[in-house]
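1. My questions concern the predicted model and sequence given below.
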Amino acid sequence: MNAAVQANGVSEKPYFSEDGFTLYNADSLELLESMEAEQFDMIFADPPYFLSNDGVTCKNGRMVSVNKGRWDRSQGVLENHEFNLRWLASCQRLLKPNGTIWVSGTQHVIYSIGFAMQSLDFKILNDIAWFKVNPPPNLSCRYFTHGTETIIWAGRTPKTKHTFNYQLMKEENGGKQMKNLWNIMSPRKAEKVHGKHPTQKPIALMRRIVLAATDEGDRILDPFCGSGTTGIAAKTYGREFVGIDQSTEYLDLTIKRYGDIESA
Ligand SMILES: C[S@@+](CC[C@H](N)C(=O)[O-])C[C@H]1O[C@@H](n2cnc3c(N)ncnc32)[C@H](O)[C@@H]1O
């Protein structure tokens with residue numbers, strides 16, 4: 001077993017590991033259960049939203065399929081909830097006692113996530129309304145335009161003494177207390193120069209989360225790493241990172257972004 005594997009307490013060999021930036025190609029449900037407990041200061045999870053239902057959406061003014069990939073297809077309400085309970089329970093075990101978790105979602109999944117967190121006795125700290133500022137129009141004209149995602153921030157247990165870099169967030173908000181409504185644009189073109197992920201998060205969003213809830217040298221996990229946006233923010237600000245994704249295509253994209261971190 002090599003040093004990187006031992007340090008993470010798992011038997012799986014990393015797909016990539018360099019200077020506190022480690023990626024695993026695995027099914028998170030299985031890998032999370034084999035990792036050493038209480039090793040992360042923060043977890044960010046952008047799980048499947050289960051919204052790939054063969055519907056349509058609007059992208060760059062054109063009608064396109066809403067489907068993101070097989071991994072995003074709903075298995076049914078109860079099965080989806082079982083999935084959420086399982087990975088969230090693993091994440092709770094992996095957090096340090098004062099660690100926190102952030103989970104993003106839309107209406108398709110966020111109620112299950114919130115209920116699972118309550119059932120597992122996480123301490124819910126905030127629900128952030130991320131407003132995408134310039135969302136695509138609703139093509140059917142039968143609903144309000146979907147312009148937000150919710151991000152739940154929670155402590156590992158009711159006793160968690162969480163890190164919140166209050167002063168920094170206040171400074172970033174022009175000297176006023178930062179509210180739980182965040183206006184952040186979808187990823188810029190420059191964030192996609194190495195390739196596209198269908199649900200890539202903006203680096204500005206991940207920058208804010210990393211800076212709000214961790215300190216330099218802290219250890220961050222993303223169990224649904226995708227194009228690695230969490231890792232890029234973590235690395236940029238001197239945090240360690242472990243990312244997991246079942247797709248090597250997306251891990252390769254993460255590695256390209258890591259290799260070009262200056263322009264991320
Ligand atoms: C919503 S995307 C994350 C996007 C990411 N936040 C970004 O900025 O690029 C979810 C990712 O989870 C991965 N995934 C889905 N189910 C998984 C599982 N059981 N184990 C590991 N990865 C999984 C998918 O391949 C996909 O890349």
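-> Perfect, thanks for sending it.

2. Show me what from the stretch 151-264 of the chain comes close to the ligand.
-> Within the stretch 151-264 of the chain, the positions near the ligand by Cβ under 6 Å from any ligand atom are 197, 199-201, 224, 226-227, 229, 244-247, 250. Heads up, the C-betas are built off the backbone N, CA and C, glycines and all.

3. Residue 94 contacts residue 40, correct?
-> Yes. Residue 94 lies in contact with residue 40 (Cβ atoms under 8 Å); the separation is 5.3 Å.

4. ok, back up a step: out of the residues of the stretch 151-264 of the chain next to the ligand, list just those in strands.
-> If you go by DSSP state E, these have 244, 245 in strands.

5. And the buried ones among the residues of the stretch 151-264 of the chain next to the ligand, selectable in PyMOL?
-> Buried subset of those, written as a PyMOL selection, criterion 16 or more other Cβ atoms under 10 Å:
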select buried, resi 197+199+200+201+224+226+227+229+244+245+246+250
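
6. Identify the residues contacting the closest residue to the ligand within the stretch 101-250 of the chain.
-> Among the residues of the stretch 101-250 of the chain, residue 226 lies closest to the ligand, at 2.6 Å counting by Cβ to the nearest ligand atom. Counting by Cβ atoms under 8 Å, 6 or more residues apart in numbering, residue 226 touches 46, 197, 199, 200, 201, 245, 250, 254.

7. circling back: shared neighbours, residue 94 and residue 40?
-> By Cβ under 8 Å, 6+ apart, residue 94 and residue 40 have these common neighbours: residue 221.

8. Tell me the strands beside the longest strand seen in the chain, with direction?
-> In the chain, with assignment by DSSP E, the single longest strand is strand 95-105. Using DSSP bridges, the strands paired with strand 95-105 are strand 40-45 (parallel), strand 148-155 (antiparallel).

9. Can I get the ones you listed in a markdown table including mean pLDDT and mean neighbour count?
-> As requested, these are exported to a markdown table (pLDDT from 0 to 100; neighbours: other Cβ atoms under 10 Å):
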| stretch | mean pLDDT | mean neighbour count |
| --- | --- | --- |
| strand 40-45 | 98 | 25 |
| strand 148-155 | 98 | 21 |
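
10. Dump these to CSV, plus distance to residue 33.
-> Conversion of the strands paired with strand 95-105 to CSV gives the following (distance: least, Cβ to Cβ, whole Å):
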stretch, distance to residue 33
strand 40-45, 15
strand 148-155, 20
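
11. Among these, single out whichever gets nearest to residue 138.
-> Of all these, it is strand 148-155 that lies closest to residue 138, at 13.1 Å by Cβ to Cβ.

12. what does the closest one rub up against?
-> With Cβ under 8 Å, 6+ apart as the test, strand 148-155 has contacts from 98-106, 110, 113-114, 117, 122-132, 161-162, 209, 213.

13. So how do I select the buried members of those in PyMOL?
-> The command below creates a PyMOL selection of those among the contacts of strand 148-155 that count as buried (16+ other Cβ under 10 Å):
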select buried, resi 99+100+101+102+103+104+105+110+113+114+117+122+123+125+128+130+132+162+209+213
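
14. what's the burial count for the residue lying closest to residue 246 once chain neighbours are set aside?
-> Closest residue to residue 246 apart from its sequence neighbours, by Cβ to Cβ, 6 or more residues apart in numbering: residue 27 at 5.5 Å. Look at residue 27: counted by other Cβ atoms under 10 Å, it has 11 neighbours.
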